[in-house]
Structures are given as structure tokens and as C-alpha cells.
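A.B. asks: No sequence on hand, only this structure:
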């Protein structure tokens, strides 16, 4: 299998922060050797790549995919630009959508995030003002929760069956990480992540800082390479990714550094070191991360049980990635599809008849199946 080169332009999604006095620190490092990146092939990681064309109809015109989840074998796709949730089957056939923007009962305001409740399998949607809208798998409205005391929120995940974690990118807030008890109907924990020099200079946040592995609720801090666990007792460092001599070198940056100084340090590291995670996700078995190393796009897969890992370069799907069972799911558009077909002769390409015209521009899902050793 040849390397896949998606030819996409990288938009940095960067995040650095430190925790308040609720934090505890442990010293657990995972060393990753970046010396042999060029020697790793696709066959070392993936068995197969499936390309699934998403059916294009007047009811299923996607603008952008911000989250990919699976429910009962179907793909649940969140299009934040439209505040719409789409359902497609495993072959890409359009099934239905949740499109209820409004203020009446059962309708929702603008949306920032979506998840599938791991305890009920209901679909839950988050507004930036702290409302959570719950629908069943057939997109029928169940309830709306309006959380008091929330000014701005962007991501959410479940910490426990009756506790929801809320995260805000707005570092100006008094608290930008919250735990809400559905049982008690109140906020039970507030934590402040102090802004780093990167955030102070309005560098964009990592798109998916909150991760639920099925075992832990995690918060990823790219430049420092820290992964924290979060619970009702606060925040604790779980482990640190150590790239040895290639770790990010912040030089003399401090909270008073100018934006030009920050960008200069970022440029230096992108050219000479591991620069930062721009995609990071985990489940109970795997870690998958993407970063820039010496001006090259790199991807890493790490098996938690064995500690075995692989790092390859020139892998750039899109900003939206999801670990689903033993696969990585992402997407691409038609202008990149030919490159995938040419570079991946082992792949399977689904029902391409669903793409009826060059003017129909729904994305294609990409399903990367990991080798059994992972």
C-alpha cells in the first residue's frame, strides 16, 4: 500500500493551558522515538481503507462535518455550520436528519457539540449558552436541560451516568471547565484553566481537547504534551508524551510575549522539532494523534496494552477524526478522492454510484481499519 497524501492545507489547532490549584501532578512519561519515521509503511498500521460516498439529495446536503459517531451501525454526522445532525447507513445511504433550529419545545438554538449518551444511546446536542437537547435515535425530542450559570461553553462529555463535563474555549471566564449533575440539577465543580501565552495571543484551541475513553475523562494539552484526567476532585496529570530532543522548545516565551514572538517560536519548532498535536483522540485500546515534525505531517498510533506504536509521515485526513471500535473514521471531499483511489489499491470504495454528478459535493467517509495487533 502506498502512502496517502491528501494535499490538504493544515490550519493549526493549538491548545496550551495549565490548571488551577485543584491540580495534582504525577510523573508518568511515554517516550516516542521519532528517528525512524521515514521507515514506517502504511502496511504496518492499516489492513484496509474503505471510502464511503455519502448520498447526495435535496435533504442531505452537508456543508462540513464536525463530528462523526456511530449508532446501531449507522453514521451520525454533526454539521455545526448548519446546526443539523444527519444519519447515513454503513454504505453511505441517506436515512434522515435532525433539523429543528428554533425556539419552540423540541427545537434548539445554535449548536456547538454533539454526543451519544453512553448510558442511554440518546443523541444529545449542546448550545453555547449551556442548553442540552436530548433526542432518541429516531430524532424524536425527549427533553431540554437549561444549565444555570453557564455563559459560554463549546464541548461536553459524560464523566458519569449523572454527571456531564462542560468545557469552554473562552479563557476569560472565571471557570472554563464545569461538572454538572443531572441528578441534582446544578453545577457541582468549577475549574479554571489559566491561559497560556499562545491563548493570550489568540492562537486557536485544539478542536477536541475533551476525550472520554470509556474509562477516563481526559484533557489534552498539546505543546506540553500532557494528558490530564479530570473528575470531581479536580485535575491530575495522567501521562506526558516525551519526544526526547524533539520536544517543543518554548525558548523565552512568557505571558508578556508578543504575537510575533510566539509565531516565531512556533515556526522554529515546526521546522526543527515536534511542534504540537493538532488532532488527538483515545479510546480504551488506542491513542491516535497527528502532529507536525520537521515540517512534515505525521500520525501516531499507540497500543495501550502492549506499548507498541508506529509513527508515519504524509498522513493528513481532515480535522475531524473519530476512533470507532478498531477503525479510524474521517472524511474527504471529491477533489481529494482520486488521490486516495490512486494511492490505495488495497482499499474498497463502497457504492460509487451514489455520486451521480460532479456537481454533487457531499464528502466521502474514510474508514481506516487498524491491523489486529492494535
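C.D. replies: Nice, I can see it. Predicted model only: the values in this text are computed from it and were never measured.
A.B. asks: Run the chain-centre distance for the helix or strand hosting residue 199.
C.D. replies: Using DSSP states H and E, residue 199 sits within helix 197-200. How far helix 197-200 lies from its chain's middle: 21 Å, per Cα atoms, centre = their mean, to the nearest Å.
A.B. asks: now do stretch 74-81
C.D. replies: With Cα atoms, centre = their mean, you get 13 Å for stretch 74-81.
A.B. asks: Next: stretch 180-193.
C.D. replies: With Cα atoms, centre = their mean, you get 23 Å for stretch 180-193.
A.B. asks: and what of stretch 158-171?
C.D. replies: 15 Å.
A.B. asks: Contacts for it, please.
C.D. replies: For stretch 158-171, the surrounding residues in contact (Cβ atoms under 8 Å, 6 or more residues apart in numbering) are 17, 115, 117-119, 126, 130, 132, 147, 150-157, 176-183, 188, 193-195, 199-200, 205, 209-210, 212, 217, 219, 230-232. C-beta here means a position set from N, CA and C on the backbone, and glycine is covered the same way.
A.B. asks: go with 6 Å
C.D. replies: 118-119, 152-157, 176-183, 195, 199, 205, 210, 217 (Cβ atoms under 6 Å, 6 or more residues apart in numbering).
A.B. asks: any idea where the strands of the stretch 51-200 of the chain begin and end?
C.D. replies: Secondary structure of the stretch 51-200 of the chain by DSSP state E, counting those that start in this stretch: the strands cover 67-71, 74-79, 84-88, 94-98, 113-116, 123-126, 131-135, 141-146, 155-160, 163-167, 177-181, 186-191, 193-195.
A.B. asks: ok, back up a step: how far does whatever helix or strand comes next after the helix holding residue 199 sit from the chain's center?
C.D. replies: Following helix 197-200 in sequence order, the next helix or strand is strand 210-212 (DSSP H and E). On the basis of Cα atoms, centre = their mean, strand 210-212 sits 9 Å off its chain's mean C-alpha point.
A.B. asks: do stretch 66-86 as well
C.D. replies: 13 Å.
A.B. asks: what's the first-to-last distance across that stretch?
C.D. replies: End-to-end span of stretch 66-86 (Cα to Cα, to the nearest Å): 11 Å.
A.B. asks: which secondary structure element contains residue 219?
C.D. replies: Taking DSSP H and E as the definition, residue 219 sits inside strand 217-221.
A.B. asks: so what secondary structure elements neighbour that strand?
C.D. replies: Judged by 3 or more Cβ pairs under 6 Å, 6 or more residues apart in numbering; DSSP states H and E, the packing partners of strand 217-221 are strand 226-231.
A.B. asks: hang on, the earlier thing: mean confidence score for the helix holding residue 199?
C.D. replies: Mean pLDDT, helix 197-200: 80.
A.B. asks: so where is the stretch 201-350 of the chain shaky, pLDDT-wise?
C.D. replies: 204-205, 207, 314-319, 338-350 (pLDDT under 70).
A.B. asks: In it, what residue spans correspond to strands?
C.D. replies: 210-212, 217-221, 226-231, 234-242, 274-282, 286-293, 296-303, 309-313, 322-324, 327-332.
A.B. asks: Of all those, which one is nearest residue 262?
C.D. replies: Residue 262 lies closest to strand 274-282 among the strands of the stretch 201-350 of the chain, at 12.1 Å (Cβ to Cβ).
A.B. asks: From the contact counts, what lies against that closest one?
C.D. replies: Contact here means 3+ Cβ pairs under 6 Å, 6+ apart; on that basis strand 274-282 packs against strand 286-293.
A.B. asks: The strand it packs on pairs with which strands?
C.D. replies: The pairing partners recorded for strand 286-293 under DSSP bridges are strand 274-282 (antiparallel), strand 296-303 (antiparallel).
A.B. asks: any idea which of the ones you listed is most buried?
C.D. replies: Highest mean neighbour count among these (mean count of other Cβ atoms under 10 Å): strand 274-282, with a mean of 24.
A.B. asks: now the nearest residue to residue 109 once chain neighbours are set aside: how far from residue 251?
C.D. replies: Excluding its sequence neighbours, the residue lying closest to residue 109 (Cβ to Cβ, 6 or more residues apart in numbering) is residue 127, at 4.6 Å. To residue 251, residue 127 is 40 Å away according to Cβ to Cβ, to the nearest Å.
A.B. asks: just residue 225 next, same as before
C.D. replies: When distance is defined by Cβ to Cβ, residue 225 is 17 Å away from residue 251.
A.B. asks: again, but for residue 34
C.D. replies: Relative to residue 251, residue 34 is positioned 20 Å away (Cβ to Cβ).
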